[in-house]
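A.B. asks: with the input below, show me the fold.
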Amino acid sequence: GPGSRGVCFAVLRRRGNAPLPSGGPAAFSCELHFGAVDVDPDTGEDLLDNGGSANAREEEYPLEPLEIAPSDFVRRTSPVPDFRAAWDRAGDEHEVLEKFELRCRTLREATEAVVGALGMSPCDGTGKVAEEGKAEDGSGRGKVSHMLHLSGTLPGGRTVLARARLDISKARAGVVTLRIAARSDDDAVSRAVVDCIR
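C.D. replies: Now for the predicted structure:
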C-alpha cells in the first residue's frame, strides 16, 4: 500500500570459469522501473479504478550502485585444521604479497576489517586479538603486532589461504600496517584476494 516499504533483490549469474574480478570491486548501476498509479489515500484504491495496472505510469528511480568484490565469491568454510601445513603445501608459486596502511586505531579493529574485507575464515584462533594495552611482561606497553591466518573456498572447491601481519605504526597514530600474502593454485586468484584490501 501507499507509504509501505519493500525489498528488492538483484540476482547475477557468474559464467562457469569466468575469472574473479580484480583491481577491487566492480560496480554496476541500478535503476528501479515500476508502474505508479494514483490512489485514494483513505481507501488505497486506484482512483481511475478501471484497469488496474493498465492505468500505471511508467516510472524509474536510480538506486545505489551494486558492488561485487572478489570476496563475494569466497565461501567461509571451516578453518583448515593445520594452517601452517596447508600454507606449506600450497607453496609460493602463486603467492601474491602486498603492504597496506589501514586507518585503524587498534589491532582488533584492523583484524576485523581484514576478515570482513576478504570474506575468509580465521584459522588457529587468530581472529581474536589478545587484550591490547596490557603487556604480558607488565611493562605497560600493549601488543603492537598480530598474525592473522585465513582460509576460504572459491567456486569449484578451490582453496585460498592468506597470512597477514598487522603492526601498529610507531610513526603515525591511528594507522596499522598490513603485510599480506595470499596463496592459491592461480596467480589471478591470489591477486584478486589481496586486491580486496582497498
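
A.B. asks: quick one, helices of this protein?
C.D. replies: Using DSSP state H, the helices of the chain run over 83-90, 107-118, 187-194.

A.B. asks: need the least confident one among the ones you listed, by mean pLDDT.
C.D. replies: Among these, helix 187-194 carries the lowest mean pLDDT, a mean of 87.

A.B. asks: dead centre of the chain: give me the residue that sits there.
C.D. replies: Nearest to the mean C-alpha position of the chain, counting by C-alpha atoms, centre = their mean, stands Ala117 at 3.7 Å.

A.B. asks: thought it was touching Val193?
C.D. replies: No: the criterion here is C-beta atoms under 8 Å, and Ala117 misses it with Val193 at 9.7 Å. (Glycine included, C-beta is placed from N, CA and C.)

A.B. asks: mutual contacts of these two, please.
C.D. replies: Ser71 (C-beta atoms under 8 Å, 6 or more residues apart in numbering).

A.B. asks: pLDDT below threshold where in this protein?
C.D. replies: For the chain, the stretches with pLDDT under 70 are 1-2, 16-24, 48-55, 131-142.

A.B. asks: where exactly do the strands run in it?
C.D. replies: For the chain, applying DSSP state E gives strands covering 26-36, 57-68, 96-102, 121-122, 145-154, 158-168, 176-183.

A.B. asks: that older thread, identify the residues contacting the residue nearest to the centre of the chain.
C.D. replies: With contact taken as C-beta under 8 Å, 6+ apart, Ala117 is in contact with 71, 196-198.

A.B. asks: ok, now how distant is it from Ala110?
C.D. replies: Ala117 is 10 Å from Ala110, where distance means C-beta to C-beta, to the nearest Å.

A.B. asks: try Phe34
C.D. replies: Phe34 sits 42 Å away from Ala110, going by C-beta to C-beta.

A.B. asks: so which of these two has more stuff around it?
C.D. replies: Ala110 (24 against 12; other C-beta atoms under 10 Å).

A.B. asks: measure the more buried one to Pro155 for me?
C.D. replies: On the measure of C-beta to C-beta, Ala110 and Pro155 end up 28 Å apart.

A.B. asks: ok, Cys104 next?
C.D. replies: For Cys104, the distance to Pro155 - C-beta to C-beta - is 31 Å.

A.B. asks: between those two, who's got more neighbours?
C.D. replies: Cys104 (20 against 13).

A.B. asks: what's near enough to touch the closest residue to Phe100 other than its chain neighbours?
C.D. replies: Spatial nearest neighbour of Phe100, excluding adjacent residues (C-beta to C-beta, 6 or more residues apart in numbering): Leu178 at 4.5 Å. Counting by C-beta under 8 Å, 6+ apart, Leu178 makes contact with 99-102, 110, 114, 164-166, 197.
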